[in-house]
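K.L.:
Just to be clear, the model below is a prediction. Sequence and coordinates:
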Protein chains: 2
Amino acid sequence: MTALDRNAQFLLAARPVGEPKASDWQYTTSPVDVPVDGEVLVQVLYISLDPAMRGWMNEGKSYIAPVGIGEVMRALGVGRVVESRHPGFAAGDHVTGLLGVQQYARVSGKGLTRVDPQLAPLPRYLGTLGMPGVTAYFGLLDAGRPEAGQTVVVSGAAGAVGSVVGQIAKLKGCRVVGIAGGADKCRYLIDELGFDAAIDYKTENVKEMLRQHCPDGIDVFFDNVGGETLDAALTQLARGARVVICGAISQYNNTEPTRGPANYLSLLVNRATMTGIVVGDYLPRWGDAIREMAGWMAQGHLKAREDVVGGLENFPTALMKLFKGENHGKLVLQV
Amino acid sequence: MTALDRNAQFLLAARPVGEPKASDWQYTTSPVDVPVDGEVLVQVLYISLDPAMRGWMNEGKSYIAPVGIGEVMRALGVGRVVESRHPGFAAGDHVTGLLGVQQYARVSGKGLTRVDPQLAPLPRYLGTLGMPGVTAYFGLLDAGRPEAGQTVVVSGAAGAVGSVVGQIAKLKGCRVVGIAGGADKCRYLIDELGFDAAIDYKTENVKEMLRQHCPDGIDVFFDNVGGETLDAALTQLARGARVVICGAISQYNNTEPTRGPANYLSLLVNRATMTGIVVGDYLPRWGDAIREMAGWMAQGHLKAREDVVGGLENFPTALMKLFKGENHGKLVLQV
C-alpha cells in the first residue's frame, strides 16, 4: 500500500430521470479494502466513460444487472496492481476490467486482463484495444457481414465504437459513410480516418444526404444512436441489408418512452435483418480481435484517438460530455 | 369463349387514405381480351383477399410496384383456362396466379401454376396450399428456425398465415401460443389446431398473458400484426430470439405514421434478430413447401379453413372483413 489509505469513490445515490446529474452519485471516501485470496487490489489510473453506463443506472432487466443504490458506480478502467492474492497477477502489473469509478478497486482476479503499456498508451485499452474496439470488430464483422464493394453506414461515427467500425469497413473494401455531429468531427472522419463521406446530423438532412451518398442503398447500417437517425437509415436500405443495433445514445436520457423505428417495415420490403449485439458474448474471441486490431494499428491502417479528462472528481460532468457529443474520440477520465 | 363476352372488373380509382372504401375502385365491364402467343385466357373462379393488397394500393417503393390508377386491382386467384396460346396449358386446366379482381384474366403463361382440383378444393390453393401457406412455411422454418422445445408465438394466429405457422411449429415440437381477436378464434386455435395457448387481444392484456404463457421467454415471434402486439412480444423475448416480420395489418390503414416498435432495444438486450420476409423470394422452392404441406394435410397434421364470400361485386366489403378481423380462416371471394 502507498501512503494513501483512503479510497475516493462515486457511489450511485439515485436512479436518474432523464439526464443524469451530479446528485445522482455520492462522492465519498472509504478505507482502502484489503484483498483476500483470489483477489487483487488495483490502483485505478484511467476510467472509461461509456454510453452503456447510463443503462446500468436504470432498474429493470437488461444484459447485466443494474448498479445498486449505494454501490460503487460501475465502470471499466485500467490500473496498476498494488497487491495481488491471485496467482495470475503481481504488484506493478497493468490490468483492465470493471474497476468502478474510484481510486482503488479490490476485485477478483478472474475479471482482470493484463495489458502492456509498452505496446500502446494505457487509455487505448479502454478504446480501440478495449471494449469499444471489440464491440466494433465483432458487431461489424459478425453481425454486419460487410462485403467488399458494399456500402456501410455508421452512426456515432466519430465515437469510440463508430470510428473503429468505419475504419474496419474500409479495410474490408467497403464504401463508408459516417454520421456525426459537427463539421470538425466530419472532417476528422474523411481527412484522418479515410471515410468516403460524412454527414453532419446537426446541420444536414440525414435522410436526404444518405440518399445522395448511398445511391445503391445501405448494405450495413451500424447504429449507435437510434431515434431519427435509425429511421432515416431504414428508408435507404439495400435489399438484404443488415442493421446492427449496438446502442441508442439518443434515447438513453429520454423521460418519454423510447422512440421506436417507425420505418421498421423497410426490413420486410428489403428482406433485411436487424440484430442486437452485446460485446460480452464475444469474450472467448476477445484476444483474436485485439491481436488483429493491434496489427492494423502497427501498419497504420487503424487510427485511434482518446479524449482524456483529468480528475476523478469531474466524473459526472465528464460523463455528460458523452451525451452532449462533446468528446472527440474515446472519452476517458484520468484519475 | 362462353356466351359471356363482357368482363366485369374492379379498377383502382383512387389511392385510399386510411381504410379503403368502395369508391377507391371503379366497378366496370370491358370486352373480354383475346390472348396472343404465350398468353392464356382464364376464367377467374376464386379471388384471394390478402392484407398485402392494401399496400399494393399505395404509391411508393415496396417489394412490388403499386397498382396504377385505372389498372385492374391486383389479386391472386384460381381459375379455369378458357383459351390457351401457351404450350404449358390447355383449355379446362385449373391454374393459379395474379389474375386480378375480374371475371376473365388474360395473362402470360409464365406467371401461372397448374393446380389439381382433385387433390384439394380450389380455394385452398389460395390459402394453405398457396401464398399464405408458403409464407408461413418459409417464414417460420427459414427465418424463425424453431427448435423442438422452444416457444413460438404467432400474431394473427387464426388467419391464413398464422394458423399454418402455429401448426407447423407444433409439428416441429414447439410450444405454441397464438394471439387472435375474439373467444371463438382462440377456441379454434386450441381445440381445432392444437395450439398450447391462445391470447384474445380484444379482451386480454397481451403483455401480461405472454409473460404468463411464456415463462422462459419467446424464442420465435412470427408477426403479422405490428403495433402494440409487436411491442408486447418484444418485452418477452428469450435470449437469441428470432422475430419474423411478415406483415403489420394493424398499421396498413393508418393515416398517421406507422408506429415503430418502441421496445426494439430488447433486440440488443437479448441478442435477438428481427428479419423481414417476402414470399416471392422463395419461388424456386415453392413446390417443395406445397408438397410437404400437402403430405401433412393428408396425415391430418395440418388443417385448413377457408371463409368464402360470394359475388365479385362484393369485393370492397369482403376485403374490409380482413382489416376488421371478421374472417375465420383464409378469406376468399367466389366470383
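P.N.:
Sure thing, it's come through. Numbering: from 1, shown residues only, chains lettered A, B, ... in the order given.
K.L.:
Close to chain B: what parts of the stretch 1-150 of chain A are there?
P.N.:
Contact residues, the stretch 1-150 of chain A versus chain B (Cβ under 8 Å from any Cβ of the partner chain): A:Lys61, A:Ser62, A:Tyr63. C-beta: built from backbone N, CA, C; applies to glycine.
K.L.:
repeat that with 7 Å
P.N.:
Counting by Cβ under 7 Å from any Cβ of the partner chain, the stretch 1-150 of chain A comes close to chain B at A:Ser62, A:Tyr63.
K.L.:
just the strands in the stretch 1-150 of chain A please.
P.N.:
Ranges of strands within the stretch 1-150 of chain A are A:6-12, A:25-31, A:39-48, A:76-84, A:94-98, A:104-108, A:113-114, based on DSSP state E, counting those that start in this stretch.
K.L.:
could these be laid out in TSV, adding distance to A:Ala262, mean neighbour count and mean pLDDT?
P.N.:
Formatted as TSV, the strands of the stretch 1-150 of chain A follow (distance: least, Cβ to Cβ, whole Å; neighbours: other Cβ atoms under 10 Å in any protein chain shown; pLDDT from 0 to 100):
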stretch	distance to A:Ala262	mean neighbour count	mean pLDDT
strand A:6-12	34	19	96
strand A:25-31	35	14	95
strand A:39-48	33	24	97
strand A:76-84	34	22	97
strand A:94-98	36	21	96
strand A:104-108	43	22	96
strand A:113-114	41	14	92
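K.L.:
out of the ones you listed, which comes closest to A:Asp231?
P.N.:
strand A:39-48 (29.5 Å; Cβ to Cβ).
K.L.:
Give me the pLDDT for A:Ala238.
P.N.:
A:Ala238 carries a pLDDT value of 97.
K.L.:
so where's the stretch 1-150 of chain A shaky on pLDDT?
P.N.:
The stretch 1-150 of chain A contains residues with pLDDT under 70 at A:1-4.
K.L.:
ok, 90 please
P.N.:
A:1-5, A:17-19, A:33, A:51-52, A:55, A:59-64, A:111, A:119 (pLDDT under 90).
K.L.:
Show the contacting residues for the closest residue to chain B within the stretch 101-250 of chain A.
P.N.:
Relative to chain B, the nearest point of the stretch 101-250 of chain A is A:Ile245 (5.0 Å; Cβ to the nearest Cβ). By Cβ atoms under 7 Å, 6 or more residues apart in numbering or on different chains, A:Ile245 lies in contact with A:Asp223, A:Met274, A:Thr275, A:Gly276, B:Leu267, B:Leu268.
K.L.:
Relative to B:Leu141, which of the residues you listed is nearest.
P.N.:
A:Thr275 (19.3 Å).
K.L.:
and that closest one, how far is that from A:Phe10?
P.N.:
Distance, A:Thr275 to A:Phe10, by Cβ to Cβ, to the nearest Å: 34 Å.
K.L.:
again, but for A:Leu45
P.N.:
Counting by Cβ to Cβ, the gap from A:Leu45 to A:Phe10 is 16 Å.
K.L.:
could you show me where the helices are in chain A, in order?
P.N.:
Under the criterion DSSP state H, chain A contains helices at A:52-56, A:131-138, A:162-171, A:183-187, A:206-213, A:227-234, A:266-269, A:286-298, A:315-324.
K.L.:
possible to save those as a markdown table with mean neighbour count?
P.N.:
Below are the helices of chain A laid out as a markdown table (neighbours: other Cβ atoms under 10 Å in any protein chain shown):
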| stretch | mean neighbour count |
| --- | --- |
| helix A:52-56 | 19 |
| helix A:131-138 | 26 |
| helix A:162-171 | 27 |
| helix A:183-187 | 17 |
| helix A:206-213 | 18 |
| helix A:227-234 | 23 |
| helix A:266-269 | 22 |
| helix A:286-298 | 16 |
| helix A:315-324 | 18 |
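K.L.:
what's the nearest residue to A:Ala198 once chain neighbours are set aside in contact with, if anything?
P.N.:
Using Cβ to Cβ, 6 or more residues apart in numbering or on different chains and skipping residues adjacent in sequence, the residue nearest A:Ala198 is A:Cys186, 3.7 Å away. With contacts taken as Cβ under 7 Å, 6+ apart, A:Cys186 has the following neighbours: A:Ala180, A:Ala198, A:Asp200.
K.L.:
In strands, which of those residues appear?
P.N.:
A:Ala180, A:Ala198, A:Asp200 (DSSP state E).
K.L.:
Next, the contact list for the closest residue to A:Gly280 other than its chain neighbours, please.
P.N.:
Excluding its sequence neighbours, the residue lying closest to A:Gly280 (Cβ to Cβ, 6+ apart) is A:Tyr63, at 6.9 Å. The neighbours of A:Tyr63, taking Cβ under 7 Å, 6+ apart as the test, are A:Val278, A:Gly280, B:Val269.
K.L.:
quick revisit: same list, the strands of the stretch 1-150 of chain A, but as a markdown table with distance to B:Val78 please.
P.N.:
Below are these laid out as a markdown table (distance: least, Cβ to Cβ, whole Å):
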| stretch | distance to B:Val78 |
| --- | --- |
| strand A:6-12 | 65 |
| strand A:25-31 | 68 |
| strand A:39-48 | 63 |
| strand A:76-84 | 62 |
| strand A:94-98 | 63 |
| strand A:104-108 | 68 |
| strand A:113-114 | 65 |
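K.L.:
what about the stretch 151-300 of chain A, any weak spots by pLDDT?
P.N.:
When residues are selected by pLDDT under 90, those of the stretch 151-300 of chain A lie in A:247-260, A:279-280, A:283-284, A:286-287.
K.L.:
So which of the strands of the stretch 1-150 of chain A is nearest B:Asp219?
P.N.:
That would be, of the strands of the stretch 1-150 of chain A and by Cβ to Cβ, strand A:94-98, which comes in at 30.2 Å.
K.L.:
Residues touching that closest one, excluding its own?
P.N.:
Here strand A:94-98 has contacts from A:42, A:74, A:76-81, A:89, A:107, A:111-115, A:117, A:122, A:125, A:130, using Cβ under 7 Å, 6+ apart.
K.L.:
show me the contacts for the residue nearest to the spatial centre of chain A.
P.N.:
With distances taken as Cα atoms, centre = their mean, A:Pro132 lies nearest the centre of chain A, 4.0 Å away. Contacts of A:Pro132 were listed using Cβ under 7 Å, 6+ apart, and they are A:Ala160, A:Val161, A:Val164, A:Lys330.
K.L.:
now with 8 Å?
P.N.:
A:Asp50, A:Leu126, A:Gly159, A:Ala160, A:Val161, A:Val164, A:Lys330 (Cβ atoms under 8 Å, 6 or more residues apart in numbering or on different chains).
K.L.:
Return the distance of the fifth one relative to A:Glu192.
P.N.:
Spelled out, that is A:Val161. A:Val161 is 17 Å from A:Glu192, by Cβ to Cβ.
K.L.:
Also the second one?
P.N.:
A:Leu126 sits 20 Å away from A:Glu192 when distances are taken as Cβ to Cβ.
K.L.:
out of these two, which sits in the busier spot?
P.N.:
The residue with more neighbours, out of A:Leu126 and A:Glu192, is A:Leu126; 29 against 13, by other Cβ atoms under 10 Å in any protein chain shown.
K.L.:
May I see the domains of chain A written out as residue ranges?
P.N.:
For chain A, the structural domains run A:6-127+A:304-334, A:131-280, going by automatic domain parsing.
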